[in-house]
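Asker: Turn this into a structure:
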Amino acid sequence: LMRQLPEGGRRLTVMTFQDRPRAVRFAFNQRPEARGINLIATVTYLIEAGGSTMIVLLAASVLLVAVAAERWYAFARFGQQLKAALTDRPVEGWFADTIRLPLPTDPQRAERVHEANVLRAREVLRTRLPILATLGALSPFVGLFGTVVGIMHAFEAVARQKGAGIEVVGAGISESLICTAAGLAVAILAVLAYNIFNTFMGRYLDRLDLAWLEREESVE
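Answerer: Numbering: from 1, shown residues only. Alright, predicted model coming up:
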């Protein structure tokens, strides 16, 4: 099936295998409308090649981006408010309810308040991070499952077609491997985001510990 893109675009070729689109070959065009069609063609190709497994992985990638963006904004706000609190500047109400600074003058009470600050800060910062950990752990297996199913379908097609050679098997296997690649991509990004946010959380908690130690030194 050959389809002509808008004026100035290039051809979009769809090859069919057993009455289903199995591969898409396209070239990116500098025109914005052509890029939009190419993007749709790419998503269509991924879904057709990976089947329902690719739909799950695409949904996981959208969830990954949403969680990472929300956590990045939350961590940035928390860091700004923590810096303001440690320098005796006004803070927002939600931060004042979470982190109580400055610490009391009584040593025992100050230690209890500090421990409560650390626990509350960890609870706030760890929100939704388990989602990233789950995506990083499960996405490769979901992709592998899609690959196995795709290979099974490829050999089943070979069995139904007389005289089918390595071309048929190779095409089916290469397309099914897209699921594994997509699963690994989602997992790598999820683990990377999870480690980055854990690193920032450790730094913020270290700042709270340092503020408490500095207070203890000043009292002594």
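Asker: The spatially most central residue of the chain: what's it in contact with?
Answerer: Most central in the chain under C-alpha atoms, centre = their mean is residue 64, positioned 2.9 Å from the mean C-alpha point. Contacts for residue 64 (C-beta atoms under 8 Å, 6 or more residues apart in numbering) come out as 132, 135, 186, 189, 190, 193. The C-beta positions use only the backbone N, C-alpha and C, and glycine is treated the same way.
Asker: Quick check: it vs residue 41, distance?
Answerer: From residue 64 across to residue 41, the span is 23 Å (C-beta to C-beta, to the nearest Å).
Asker: again, but for residue 56
Answerer: From residue 56 to residue 41 the distance is 21 Å (C-beta to C-beta).
Asker: With residue 68 instead?
Answerer: Counting by C-beta to C-beta, the gap from residue 68 to residue 41 is 27 Å.
Asker: ok so, going back, next one: the residue nearest to the centre of the chain from residue 74, what distance?
Answerer: From residue 64 to residue 74 the distance is 16 Å (C-beta to C-beta).
Asker: likewise residue 177?
Answerer: In terms of C-beta to C-beta, residue 177 sits 37 Å off from residue 74.
Asker: chain center to the helix or strand where residue 206 lies: distance?
Answerer: Per DSSP states H and E: residue 206 is located in helix 166-219. Relative to the centre of its chain, helix 166-219 is centred 8 Å away, using C-alpha atoms, centre = their mean, to the nearest Å.
Asker: in stretch 125-142, what's buried?
Answerer: 125, 129, 131, 132, 135, 136, 138, 139, 140, 142 (16 or more other C-beta atoms under 10 Å).
Asker: who touches the third one in this structure?
Answerer: Translated: residue 131. 63, 67.
Asker: so how far is residue 180 from it?
Answerer: Taking C-beta to C-beta, one finds residue 131 at 22 Å from residue 180.
Asker: again, but for the last one
Answerer: Applying C-beta to C-beta, one obtains 10 Å for the distance of residue 142 from residue 180.
Asker: contacts for stretch 76-91?
Answerer: Contacts of stretch 76-91 (C-beta under 8 Å, 6+ apart): 92, 95, 99, 101-102, 121, 124-125, 200, 204, 207-208, 211.
Asker: Pull the most distant pair out of those residues.
Answerer: Greatest spatial distance in the contacts of stretch 76-91: 102 and 200, 23.3 Å, computed using C-beta to C-beta.
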